[in-house]
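**Q** Below is the sequence, then the predicted model.
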Amino acid sequence: MFRKRRGAGPARSAEALRLVGVRKVHGAGGNAVTALDDVTLSLPAGSFTAVMGPSGSGKSTLLRCAAGLDRPDSGIVVVDGEEMTGASEAELTKFRRQRIGFVFQQYNLLPTLTVTQNATLPLKLARRRIDPHRTREVLALVGLADRMGHRPDELSGGQRQRVAIARALLAEPTVIFADEPTGALDTRSARDVLELLREAVHVHGRTVVMVTHDPVAASYADSVLFLADGRLAGSLAAPTVDAVAERLAHLGDPAARTTAAAADATLALGV
C-alpha cells in the first residue's frame with residue numbers, strides 16, 4: 001500500500017520526488033552490475049531537472065525506479081508525498097496514471113490512433129473523463145491544432161514528440177519523466193520540445209525530470225544532477241552548455257567527482 005510521507009499535503013506535496021538510499025543491481029553472481037548505489041536526492045515541486053552521466057552511469061535506471069517502472073532492491077522512493085516502495089503492481093499502475101507522465105525518445109504512440117486518440121489514451125485507460133475542450137486546448141498549446149485527426153505516420157518526429165507531451169499534460173501529472181526526449185529529433189524540433197517541457201514547469205506547474213546526454217538539452221533545465229558508476233557525482237544550478245560540458249568531461253576523474261559531489265550536496269539532497 002502507498003504510505004503518505006510526513007509533510008505531504010492532501011493533494012500535492014512541496015517535494016515532488018525523493019529517493020533515499022536507493023540501490024538497484026542488474027544480474028546476479030559474477031554478472032551482477034550495480035546500476036544505482038545508495039542514491040539519495042530530493043527535488044522540489046515545479047522544478048526542471050536534467051540527469052546526466054556517461055553511458056552505463058545509471059541514468060535510465062534512476063528514472064525507471066523513480067517513476068515506478070522498476071523496483072529498487074533497497075531504499076525508498078517517494079513521489080508527490082506518497083511512498084511507492086512496496087506497492088503492488090496494480091497500485092503502482094493506478095498511481096502512475098494519476099500522478100506521473102512519460103515522454104520517451106521513441107514517442108510510444110499507437111499507429112492506428114489519431115493524434116487526439118493517442119493524447120487521450122491514458123485518460124481512457126484510467127477511466128477518467130475526457131474533456132474535448134481541454135484536449136483541443138492542450139493540442140493547440142503544443143502546436144497540433146491542425147493535426148488532431150492525423151495518425152503518427154502522417155507526422156514528423158517533432159510533431160510525434162509533441163503528441164507525447166500533450167498526452168503527458170492532459171493527465172495533469174505531478175511529475176513528467178522524460179527519457180532522452182530529443183534524441184531522435186533535428187535541432188529545431190529538439191529546441192521546440194525543450195521549450196514545451198520548460199513551459200510545462202514554469203507555466204503549468206509540473207515537475208520535469210529529464211535524462212539526457214546532450215549539454216544543450218540540459219541547459220534548458222533549472223539544474224543538472226550528474227551520475228557516475230551508479231552514484232551521484234555532483235549537481236549544477238542554472239546550467240549553461242559550456243558548464244555542463246566541462247563537468248561531464250571531468251566525471252571520469254574520481255577526485256573531481258568527490259569534490260563536486262561534496263560541494264553540491266545541499267542541492268542534491270534538498271537540505
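**A** Sure, I can see it.
**Q** Could you check how far the spatially most central residue of the chain is from R64?
**A** Centroid check for the chain by C-alpha atoms, centre = their mean gives F177 as the closest residue, at 1.9 Å. As judged by C-beta to C-beta, to the nearest Å, F177 and R64 stand 9 Å apart. To be clear about C-beta, it is placed using only N, CA and C from the backbone, and glycine gets the same treatment.
**Q** circling back: quick one, what contacts the residue nearest to the centre of the chain?
**A** Counting by C-beta atoms under 8 Å, 6 or more residues apart in numbering, F177 touches L63, A66, A67, I100, G101, F102, V103, V208, V209, M210.
**Q** From the residues you listed, pick the one nearest V163.
**A** V103 (10.0 Å; C-beta to C-beta).
**Q** Which residues does the closest one form beta bridges with?
**A** With DSSP bridges as the criterion, V103 is bridged to A178.
**Q** wait, doesn't F48 sit right on E199?
**A** No. Contact criterion C-beta atoms under 8 Å: F48 and E199 do not qualify, at 10.1 Å.
**Q** Can you pick out the residue with more neighbours from the two?
**A** Legend: neighbour count by other C-beta atoms under 10 Å for F48 and E199, higher for F48 (22 against 15).
**Q** Now do the same for that one: its pLDDT.
**A** pLDDT recorded at F48 is 97.
**Q** Helices along the stretch 51-200 of the chain, start to end?
**A** 59-66, 89-99, 115-125, 132-141, 157-170, 187-202 (DSSP state H, counting those that start in this stretch).
**Q** V224 is nearest to which of the ones you listed?
**A** helix 59-66 (11.4 Å).
**Q** can you give me the strands for the protein?
**A** 3-4, 15-26, 33-44, 48-52, 74-79, 82-83, 100-104, 175-179, 207-211, 223-228, 231-237 (DSSP state E).
**Q** quick one on the thing from earlier: adding distance to E15, write the helices of the stretch 51-200 of the chain out as TSV.
**A** Shown next, in TSV, are the helices of the stretch 51-200 of the chain (distance: least, C-beta to C-beta, whole Å):
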stretch	distance to E15
helix 59-66	13
helix 89-99	13
helix 115-125	24
helix 132-141	26
helix 157-170	20
helix 187-202	15
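**Q** And these: which comes nearest L227?
**A** Across the helices of the stretch 51-200 of the chain, L227 has its closest neighbour in helix 59-66 (5.7 Å, C-beta to C-beta).
**Q** need the contact list for G101.
**A** G101 makes contacts with R167, A168, L169, A171, P173, V175, I176, F177, R206, as judged by C-beta under 8 Å, 6+ apart.
**Q** Repeat that for V208.
**A** So V208 contacts S47, F48, T49, V175, I176, F177, A178, L197, R198, A200, V201, A221 (C-beta under 8 Å, 6+ apart).
**Q** Please, a PyMOL command that selects the buried ones among the residues you listed?
**A** A single PyMOL command selects the buried members of the contacts of V208 (16 or more other C-beta atoms under 10 Å):
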select buried, resi 47+48+49+175+176+177+178+197+200+201+221
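**Q** Now tabulate the contacts of V208 in a markdown table and tack on distance to P152.
**A** Shown next, in a markdown table, are these (distance: C-beta to C-beta, whole Å):
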| residue | distance to P152 |
| --- | --- |
| S47 | 31 |
| F48 | 27 |
| T49 | 29 |
| V175 | 25 |
| I176 | 20 |
| F177 | 21 |
| A178 | 19 |
| L197 | 20 |
| R198 | 25 |
| A200 | 21 |
| V201 | 26 |
| A221 | 28 |
